[in-house]
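>>> predicted coordinates and the sequence they were generated for:
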There are 6 protein chains.
Amino acid sequence: MAEGYKYEYFNVTFPAEYVAHVEINRPEKLNAFVEQMWLNLSAIVNRLSHDPNIRSIILTGSGDRAFTAGLDVTAASQGTLSQNNSDAARTATSLRRHIFEFQDCITALEKCEVPIIAVLHGISYGLALDLCLACDIRMCAADTRFSVKEVDIGLAADIGTLSRLPKAVGNFSWVKDVCLSARIFGSSEAEKVGLVSGVYGGKVEVVAEGLKLAKLIASKSPVAVQGTKEILNYSRDRSVEEGLRYTAVWNQAMLQTTDVKDAMLSGLQKKTPKFSKL
Amino acid sequence: MAEGYKYEYFNVTFPAEYVAHVEINRPEKLNAFVEQMWLNLSAIVNRLSHDPNIRSIILTGSGDRAFTAGLDVTAASQGTLSQNNSDAARTATSLRRHIFEFQDCITALEKCEVPIIAVLHGISYGLALDLCLACDIRMCAADTRFSVKEVDIGLAADIGTLSRLPKAVGNFSWVKDVCLSARIFGSSEAEKVGLVSGVYGGKVEVVAEGLKLAKLIASKSPVAVQGTKEILNYSRDRSVEEGLRYTAVWNQAMLQTTDVKDAMLSGLQKKTPKFSKL
Amino acid sequence: MAEGYKYEYFNVTFPAEYVAHVEINRPEKLNAFVEQMWLNLSAIVNRLSHDPNIRSIILTGSGDRAFTAGLDVTAASQGTLSQNNSDAARTATSLRRHIFEFQDCITALEKCEVPIIAVLHGISYGLALDLCLACDIRMCAADTRFSVKEVDIGLAADIGTLSRLPKAVGNFSWVKDVCLSARIFGSSEAEKVGLVSGVYGGKVEVVAEGLKLAKLIASKSPVAVQGTKEILNYSRDRSVEEGLRYTAVWNQAMLQTTDVKDAMLSGLQKKTPKFSKL
Amino acid sequence: MAEGYKYEYFNVTFPAEYVAHVEINRPEKLNAFVEQMWLNLSAIVNRLSHDPNIRSIILTGSGDRAFTAGLDVTAASQGTLSQNNSDAARTATSLRRHIFEFQDCITALEKCEVPIIAVLHGISYGLALDLCLACDIRMCAADTRFSVKEVDIGLAADIGTLSRLPKAVGNFSWVKDVCLSARIFGSSEAEKVGLVSGVYGGKVEVVAEGLKLAKLIASKSPVAVQGTKEILNYSRDRSVEEGLRYTAVWNQAMLQTTDVKDAMLSGLQKKTPKFSKL
Amino acid sequence: MAEGYKYEYFNVTFPAEYVAHVEINRPEKLNAFVEQMWLNLSAIVNRLSHDPNIRSIILTGSGDRAFTAGLDVTAASQGTLSQNNSDAARTATSLRRHIFEFQDCITALEKCEVPIIAVLHGISYGLALDLCLACDIRMCAADTRFSVKEVDIGLAADIGTLSRLPKAVGNFSWVKDVCLSARIFGSSEAEKVGLVSGVYGGKVEVVAEGLKLAKLIASKSPVAVQGTKEILNYSRDRSVEEGLRYTAVWNQAMLQTTDVKDAMLSGLQKKTPKFSKL
Amino acid sequence: MAEGYKYEYFNVTFPAEYVAHVEINRPEKLNAFVEQMWLNLSAIVNRLSHDPNIRSIILTGSGDRAFTAGLDVTAASQGTLSQNNSDAARTATSLRRHIFEFQDCITALEKCEVPIIAVLHGISYGLALDLCLACDIRMCAADTRFSVKEVDIGLAADIGTLSRLPKAVGNFSWVKDVCLSARIFGSSEAEKVGLVSGVYGGKVEVVAEGLKLAKLIASKSPVAVQGTKEILNYSRDRSVEEGLRYTAVWNQAMLQTTDVKDAMLSGLQKKTPKFSKL
């Protein structure tokens, strides 16, 4: 099953039926991202999205120290951020194209039809926030240290944190506090404001917990699960009325699935239902 | 006053001046809903909405065990969910009409001009969430067990939970967790994430608390209260700028009420103001 | 530096480099607002917004007892709220113009290019909420007593609370509870629901804390800080997709700043960067 | 088939297979509308919308002189427009409810799942515009005289013209001209600006033409026709991107119809396809 | 009445009761705009907007040759467009503030509560389009030559043409043609695509025609006229559903005007109604 | 320059400096589209979009008879439209992915940073409309026959026509007429309603005319031209206010280009400016 999912900076494994585990694998650099990495991540996720063998995904960082320290600043300072054309409009065009491409790679996580659980630990700075906010569920180890780091390198975060964070948590004052100050905060603060849905011991414990949840989700009807992800994301960004209308149009097709009958029958018979591939 | 508010599955009573109490009344089936029930609920609420004798409403479930166990799955499996036309587009049309009708019945709670307080206890699954999320204020007993149950019967919840929940609480990771896993959660978790604004002992205590709040709201100017509900719902779904504009246009009429003078004068005189019917 | 920032009801001081302190100064009336005050506040903030010497602002109330008790009801009852034309449409036009003008004064805080930290203590009623919700960060003393007071004077709050509060905190049930009941709540409730990002002792402590944060923000690149405020406010009101697009177009100009290089270099050299005026 | 479609002010006939003809029938009053009429029109259209025997509708006015002269002003001046409560806010509430009810009746034409062709002739003032703009296709006789009459009775049109006209034609300057001046304009001006898609002789000719088009539409797949109406209305009000997404979700169900195969096959065989009822 | 309306570059006169005539007055430079002019125009219009003696406005250009040749490029090239800071982000900030200020001046025409009729003749380039598109009604002399001139000076038009033109006319292909090519087009082309609602002889004729329409509008109820302008602008930018809701809330106040009764009665009595000031 | 632009079904040539000509090349089948063709078209356009040697594009159909007859129905009936899974929800998922992919290929024309001129002639059915509506400018030969053909094959058009047509022309009644009836209409009708901006003789003449316009656009500043396209598309789909804000943020970067000075100077010197590559 794992064939073809081979990438220099990522390990892709399949720890359980219908579950994929994507691990950021550059531990010697605290999993800091170079351009190849976001291109690869996007390619992996786009493929898993349509893989009929996959119903849930967990995303972790390898090594003990970091989920990811964020953008590899040394590499970036020699790349895009150093580019300079004598004409500011032409430089702007080049930068805009680059930002859009980078954003699209991260948004691939949100658009992935299959739910993704981000499991964080240790250093989780900058891009770590962009990444986990594009995932569906966030859980973290007790030692996780977060920071919306971008103002410390002279820029407004532009790969997603500033657009997704206000909709992910329930304290807009806190959102501005951490985005404007770039201060480091820990797992209990993250839990209190609603950034994560759970804090679980060390890395081993939280990865086990993430995997448990991934298995649970993978045991449900994929028609129901993928519809739920789609409608929740759609509704976050629109009025309740728009959300309801989209839901009705979505389900006019999806309620025709045999999964409904299979799930109901299994419920009555106290059996575990089996759903065909999607 | 209560005449005409007679329905097989609902008790409608008037426990205090300007306050209505709507009780779901099918305790032998854990208050599970059959189609007649949502049609009736909508009819009751639409009528209370324009009843000049009503200024606040509480919604509860009868019996000790459940606010509601949700959709009566047995009935549903013999009704809509079993329907099948040989042509998928024609089946889709029929399903879509059915979903819209069902959604409209629940949305009647949100559109009701008078605030509605949902008071939950015991089993509160599936439709219980759709219902209480369309109400204005949610409070629950300590024993309440919630579940966004729909994925367990093979479908994405389509009567409102997926559109309203992301805007009702402040932890989008948690929203996806409970919607994708269908796991049961309790009252303290509900309070922590912001699903309810209070947890109060057993059913007796929480109903008393709901009634107390309903009376407090009913003692205020109905012009002020109904405007506040309207503007909060409007603003939830739109930009701050749109909200401000709508508010100004709303209040260009409403500030002309004599309630403002009456309320101010009563405040200075430490009296309880009386407001005429709306 | 302080020249020109002289107003009857406000003290404007400059306690640190790049930091302004705006103090509401009508303590003998619990800092209650008359019309002149919101006009002045707007004028001050609009000027600070473009002042190259300012990178962050704190807003406080003078005296021990109140941030502000809200609208000066006695003054209001003799002014706008008492106005009456024999024709309801003409009265409406006059009221609408007045509301828009008042709203614009408060929205000036949100539009200010420089972040504003509201530091509350004591009585913080009615307009106190409108004001602090238009600021970026809210912190309060332990003794702060909040109330969305407007329904008690017979009207739906129309200067911003009802439009901003649902997007500022993560418990929509609680939002409706406090807006419909006008009940007083304290600092720990405010913290729990996400209205403030911190509670810090008495007035002295919380002002010191606010000033500390203001200094921290003022030490960052103003290009990064102002972009972060702008994009967060923009994104709060729109879909993630719209937020991302705006961010890319914003940063196609802003990433060209030398602040990026200066900040990166300072980071590597463990020095404090200096940024030129904006 | 016509049973049950009996109303005092409307004739409902079925001039061809799958085609309904709804005629406003109060010619002695130039088909001017009293409240009962818009309630009835809405009831008729809501029923035709789900009637499997109907695939297109034409709407005409009886008599030679008028499609409709609009609101029956004498009746209105004794009804809603005369209502007066001593409290402006309470009067406003009553007026708002009335306007919403009236708007909903007219919007029923737009929401009707089956396309409606408005065929106008003679006097077509005020409500005539509201009505025909909520229909899908507008055609008129050469003698048609239009007027957005409302400013002449002291009010801004509130039943739909001001919201739909800017999106129906391609000359916003002209829209404001006729709405602000209430001047009468004729069929060739209506055609030039895009208000109608055709002008056809006298009333007899244009009704014949409308019926011909209704029959043509009724001969197509109802799945295709109703989807086309739905998506066009949806897209008019939203961005292209939103329109495309909704279309894809709509058609994921609808492309599964056997009508596609039947239509293609009939096309190849030069036969007229038969589609089953929807 | 005319006192106070004195400006170097504008003549403000009052040719009829309730009608203002604003004339751009720099004929020796083809009415080309320097910064002072848009600041003044905005000040004039903002004041007329709330002047109870004014119910309609016409805007014309003095001299035979031009409505306006647009931005005074020589002045601009020495002003904003020449500004240069060594840091691109700081230059961007300065440019953005300048563009917003300029846009706001032109948008003042659209926000003016009283309808404005733009009467064009001769050269009408660049800013001429921005200006007239922010007015309500556009009419022109046969000799008018239009051009969306901006690409010819190396920039995308940023004061309103690109945002308003697609919503003002009914040929998006033509919009892009003239905006991308900067080609000159005449009055008959303008009429054909819907940019103007009428072409009338020479300057004298068209100004007379504009004045005639202004008088007609000024003779109507100002409550009705101003509501009509407001709702049309609101609806242009939003869905029909949003437009309808806003209209109902607007009219819950405005239908309470005595103008309705006065207008109806005058209609029955064939008299000219008199409306009190707004 | 032309290297690499080689595709089986398309000819890509470069008839003038900065101008590309993309020709649909399957004349023996009336340029009907098979899947490979829209994949290729998207690839071509995405590449031209960032090609610094290209500033405008014309899109034509080879042969005398057709721009394109639309979807190759025979191929389609053996491909996607014939697919059938026993489970309607799984079939829906597969169809939805397919529609999104197809839509994205057509939307590539709209997203292309460089303006595209569609030049139509002869048979222009179905997909011909989807294609040309995603282009910027439409012109056609006198013999062009258009049809929104989709209802005739049993489906609602889902690749863009129904979402773009209501915003491209100024007669919504006509839009519904042609979309619901699938009737064929000619070039003069297309011109009258605003679908094309010009009709020019036979195929040779109109291609020459398209090329002339492409050259004119290519002679302008690419910074100005691409910004104009971007802002027009953005504004079409949003409120004027949103359009203005986006424009200001866009131009805070773009006004810093030297093209402005170069264009102004060339204008004064009556020279043709030269702009560097973008």
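Received it, and whenever you're ready, just let me know what you need. Numbers count the residues shown, from 1 in each chain, chains lettered A, B, ... in the order given.

>>> use CA for all of it now, contacts and neighbours both
Fine.

>>> what's the angle from the longest helix seen in chain A to helix E:88-111?
Longest helix in chain A by number of residues (criterion: DSSP state H): helix A:88-111. If you take axes from the mean of the first three to the mean of the last three C-alpha atoms, to 10 degrees, helix A:88-111 sits at 80 degrees to helix E:88-111.

>>> what is the burial count for A:T74?
Counted with other C-alpha atoms under 10 Å in any protein chain shown, residues neighbouring A:T74 total 11.

>>> let me see the contact set for the nearest residue to A:D262 once chain neighbours are set aside.
Nearest non-adjacent residue to A:D262, counting by C-alpha to C-alpha, 6 or more residues apart in numbering or on different chains: A:P273, 6.3 Å away. Counting by C-alpha atoms under 8 Å, 6 or more residues apart in numbering or on different chains, A:P273 makes contact with A:D262, A:A263, A:S266.

>>> in helices only, show me those residues.
Per DSSP H, the contacts of A:P273 map to helices at A:D262, A:A263, A:S266.

>>> now, of the residues you listed, which are buried?
Buried by 16 or more other C-alpha atoms under 10 Å in any protein chain shown: A:D262, A:A263, A:S266, out of these.

>>> tell me which of the residues you listed is nearest to chain F?
Nearest to chain F, judged by C-alpha to the nearest C-alpha, of these is A:D262 at 12.2 Å.

>>> could you check how far that closest one is from B:I153?
8 Å (C-alpha to C-alpha, to the nearest Å).

>>> hang on, the earlier thing: do you know how far the residue nearest to A:D262 is from A:S221?
8 Å.

>>> what is in contact with these two at once?
A:A263.

>>> who's in contact with the closest residue to chain B within the stretch 51-200 of chain A?
Of all residues in the stretch 51-200 of chain A, A:G170 sits closest to chain B, at 3.7 Å by C-alpha to the nearest C-alpha. Shown in contact with A:G170 (C-alpha under 8 Å, 6+ apart): A:V193, A:G194, B:V169, B:G170, B:N171, C:K167, C:A168, C:V169, C:G170, C:N171, C:V193, C:G194.

>>> just to check, the second one is in contact with A:K167?
No: proximity of A:G194 to A:K167 does not meet the contact threshold set by C-alpha atoms under 8 Å, at 10.5 Å.

>>> which neighbours do these two share?
Counting by C-alpha under 8 Å, 6+ apart, the residues touching both A:G194 and A:K167 are B:G170, B:F172.

>>> now do the buried residues in the helix or strand bottoming out on mean pLDDT in chain A.
Between all helices and strands in chain A, the lowest mean by mean pLDDT, DSSP states H and E belongs to helix A:73-78, at a mean of 82. Neighbour counts using 16+ other C-alpha under 10 Å place A:V73 of helix A:73-78 among the buried residues.

>>> quick one, what contacts the nearest residue to A:E8 once chain neighbours are set aside?
With C-alpha to C-alpha, 6+ apart as the criterion, A:E8 has its nearest non-adjacent residue at 7.9 Å, and that residue is A:N25. When contacts are counted by C-alpha under 8 Å, 6+ apart, A:N25 touches A:E8, A:Y9, A:F10, A:N11, A:N31, A:G61, A:S62.

>>> neighbours around the third one, how many?
If you count neighbours by other C-alpha under 10 Å, A:F10 ends up with 22.

>>> next to chain C, which bits of the stretch 101-250 of chain A? Give me the list.
Within reach of chain C by C-alpha under 8 Å from any C-alpha of the partner chain, the stretch 101-250 of chain A has these residues: A:103, A:150-160, A:162-164, A:166-167, A:169-174, A:176-177, A:179-181, A:193, A:236-238.

>>> re the thing from before, now the residue nearest to A:E8: phi and psi?
Backbone geometry at A:N25, expressed as degrees, to the nearest 10, gives phi -130, psi 70.

>>> how close does it sit to chain B?
Note on A:N25: its distance to chain B, by C-alpha to the nearest C-alpha, to the nearest Å, is 24 Å.

>>> in JSON lines: the contacts of A:P273, plus pLDDT.
Shown next, in JSON lines, are these (pLDDT from 0 to 100):
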{"residue": "A:D262", "pLDDT": "93"}
{"residue": "A:A263", "pLDDT": "94"}
{"residue": "A:S266", "pLDDT": "90"}
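
>>> quick one, strands of chain A?
A:6-7, A:10-16, A:19-24, A:56-61, A:66-68, A:116-120, A:123-125, A:137-140, A:145-147, A:185-186, A:198-199 (DSSP state E).

>>> so which of those strands is the most packed in?
The highest mean neighbour count among the strands of chain A, using mean count of other C-alpha atoms under 10 Å in any protein chain shown, belongs to strand A:66-68: a mean of 31.

>>> can you give the distance of that one from its chain's centre?
Distance of strand A:66-68 from the chain centroid (C-alpha atoms, centre = their mean, to the nearest Å) equals 14 Å.

>>> ok, the residue lying closest to A:N31 once chain neighbours are set aside - contacts?
Nearest residue to A:N31 in three dimensions, chain neighbours excluded: A:T68, at 4.6 Å (C-alpha to C-alpha, 6+ apart). Listed by C-alpha under 8 Å, 6+ apart, the contact partners of A:T68 are A:I24, A:L30, A:N31, A:A32, A:F33, A:G61, A:I123, A:S124, A:Y125, A:L127, A:A128.

>>> most widely separated two among these?
A:I24 and A:Y125 (14.2 Å; C-alpha to C-alpha).

>>> burial measure for the residue in the stretch 1-150 of chain A that chain E sits nearest to, as a count.
Of all residues in the stretch 1-150 of chain A, the one sitting closest to chain E is A:A88 (7.0 Å; C-alpha to the nearest C-alpha). A:A88 has 22 neighbouring residues, counting by other C-alpha under 10 Å.

>>> try A:L131
Neighbour tally, A:L131, other C-alpha under 10 Å: 23.

>>> in this structure it contacts A:I106, no?
Yes: with contacts counted by C-alpha under 8 Å, A:L131 reaches A:I106, the gap being 6.3 Å.

>>> let me see the mean pLDDT of stretch A:119-126.
In this model, stretch A:119-126 has a mean pLDDT of 98.

>>> quick one: that stretch near chain B?
No: taking C-alpha under 8 Å from any C-alpha as the criterion, stretch A:119-126 and chain B are apart, separated by no less than 11.8 Å.

>>> need the distance between the two termini of that stretch.
End-to-end for stretch A:119-126, by C-alpha to C-alpha: 16 Å.

>>> residues contacting that stretch, please?
A:30, A:58-61, A:64-71, A:138-150, A:157, A:202-203, A:206-207, A:210.

>>> do the same with stretch A:131-144
Contacts for stretch A:131-144 (C-alpha under 8 Å, 6+ apart): A:106-107, A:109-110, A:115-124, A:160-161, A:164-165, A:168, A:186-188, A:195-203, A:205-206, A:210, A:229, B:172-174, B:176-177.
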